[in-house]
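> Any chance you can model this:
(one chain, ligands or ions: 2)
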Amino acid sequence: MKDEYNRQISYMRLSVTDKCNFNCSYCKGDSFSTLTDVMSFDEMYEICKAFVKCGIDKIRLTGGEPLLREGIVDFCKRLSSIEGLNSLVMTTNGCLLKHYAKDLKRAGVSRLNISLDTLNKDKFNKLTGIDAFDDVIEGIYEAQECGFKNIKINVVLMGGINDDEIADFIELTKNNDFTIRFIELMPLGACSQWDKARFISSDLVLKTNENLERITFDGVSEIYRVNGYKGRIGLIRPMTNKFCDVCNRIRVTADGKIKPCLHSNDEYNIRGLSGLELQNAIKNAIASKPKSHNMNSFCLSNSTRYMNQIGG
Ligand code: SAM
Ligand code: SF4
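Ligands and ions are numbered 1, 2, ... in the order given. Have a look, this model is predicted:
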């Protein structure tokens, strides 16, 4: 279905929980609040079916940490059998993947994005507040073993924190079919008041790695590679090159609100609706997507939800 600005909205991101076993300092930090009334999987399933009827053909499960939610594998199985849904994918912190990768694959999850902001164990512990670096690394390789192709590794670039590791991340693509995606930090939630020096442009990746050649554009991500390497590098620039004109996504929070734009506080409740009423509410929310967000490096996001309550 098209929105008011003629953008085809085909991709829905569903946050299945706001709970997370990590405390990433930029996302959830220590000051997050907890949703008290998260939807059941039955409610989420009905909502997903209605979205597919409205033209959505790709659903991403996210959170919080989606693998913390009990029954997630069965939920994936149910979703992947919805007629008209072409792609069921997940974003995860990777920590529980070594236990779940095989089951997720069998349940119809086709691709995984795994978040990993540093390759340094001590730094990882400080950034996430949990000693789980080895679990994440094992999870990534287990997912690869189980047949997940082109795993995307999300690296949020933070000035003075991990900008010295860009080359190390790129080296990971030498022998692995990974796409390392450098994402610009957005001033939202726990990091909204951070020092401006933390918010750096992903141009730094290109400036410090002249061996990168641009090969294509994939959704919101510019794709590069090092000649001869197996994997690829993606740059996602919500701050320095906003991609609102090609935005094809809509978000649903775990408490049943549609967020037409990540950086707006506008939300539409769809919990408790069914049938045509639900489909009409979805269509109205899609139609109300703003033309673009109004955030830049000097302006904060207008969204007051923390990222763990949106899903990225
Ligand atoms: N827990 C899962 C994970 O970490 O992959 C899924 C949820 S997490 C909110 C989804 C993505 O949002 C992660 O890749 C995370 O790094 C990213 N994220 C969180 N806060 C962000 C921010 N302020 N700017 C840019 N990306 C952010
Ligand atoms: Fe949890 Fe993901 Fe947020 Fe980290 S980025 S605190 S893993 S939801």
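
> For stretch 302-311, measure first residue to last.
Stretch 302-311 has its terminal residues 16 Å apart, counting by CA to CA, to the nearest Å.

> How about stretch 180-190?
OK, stretch 180-190 end separation, CA to CA: 24 Å.

> Name the SS class of residue 224, please.
strand (DSSP: H, G, I helix; E, B strand; the rest coil).

> I figured it hits residue 214, correct?
Yes - contact criterion CB atoms under 8 Å: residue 224 and residue 214 qualify, at 5.3 Å. (C-beta placed from N, C-alpha, C; glycine too.)

> more neighbours, these two?
When residue 224 and residue 214 are compared for neighbours, residue 224 comes out ahead with 23 against 12, by other CB atoms under 10 Å.

> partner residues bridging that one?
Beta-bridge partners of residue 224, counted by DSSP bridges, are residue 214, residue 233.

> who's in contact with it?
206, 212-215, 232-235 (CB atoms under 8 Å, 6 or more residues apart in numbering).

> mind giving me JSON lines with those residues and columns for distance to residue 18 and pLDDT?
Converted to JSON lines, the contacts of residue 224 look like this (distance: CB to CB, whole Å; pLDDT from 0 to 100):
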{"residue": "206", "distance to residue 18": "35", "pLDDT": "97"}
{"residue": "212", "distance to residue 18": "36", "pLDDT": "98"}
{"residue": "213", "distance to residue 18": "40", "pLDDT": "97"}
{"residue": "214", "distance to residue 18": "37", "pLDDT": "97"}
{"residue": "215", "distance to residue 18": "36", "pLDDT": "96"}
{"residue": "232", "distance to residue 18": "31", "pLDDT": "98"}
{"residue": "233", "distance to residue 18": "31", "pLDDT": "98"}
{"residue": "234", "distance to residue 18": "26", "pLDDT": "98"}
{"residue": "235", "distance to residue 18": "28", "pLDDT": "97"}
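
> any idea which of those has the most stuff around it?
That'd be residue 233 among the contacts of residue 224, by other CB under 10 Å, with 30 neighbours.

> In the chain, what residue lies closest to ligand 1?
Residue nearest to ligand 1 within the chain (CB to the nearest ligand atom): residue 312, separated by 2.8 Å.

> Can you get me a residue count around that residue?
19.

> residues in the stretch 51-200 of the chain within reach of ligand 2, list them.
Within the stretch 51-200 of the chain, the positions near ligand 2 by CB under 6 Å from any ligand atom are 63-65, 93, 115.

> and of these, the nearest to ligand 2?
Once CB to the nearest ligand atom is applied, the member of those that ends up nearest ligand 2 is residue 93, at 3.6 Å.

> I figured the closest one hits residue 65, correct?
Yes - look at residue 93 against residue 65 with CB under 8 Å: they come within range, at 5.4 Å.

> intersection of neighbour lists for those two?
Joint contacts of residue 93 and residue 65 (CB under 8 Å, 6+ apart) are 20-22.

> Among those, which lie within strands?
Within those, no residue falls in strands by DSSP state E.

> can you list those residues in JSON lines and add pLDDT?
Output for those, formatted as JSON lines (pLDDT from 0 to 100):
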{"residue": "20", "pLDDT": "95"}
{"residue": "21", "pLDDT": "95"}
{"residue": "22", "pLDDT": "96"}
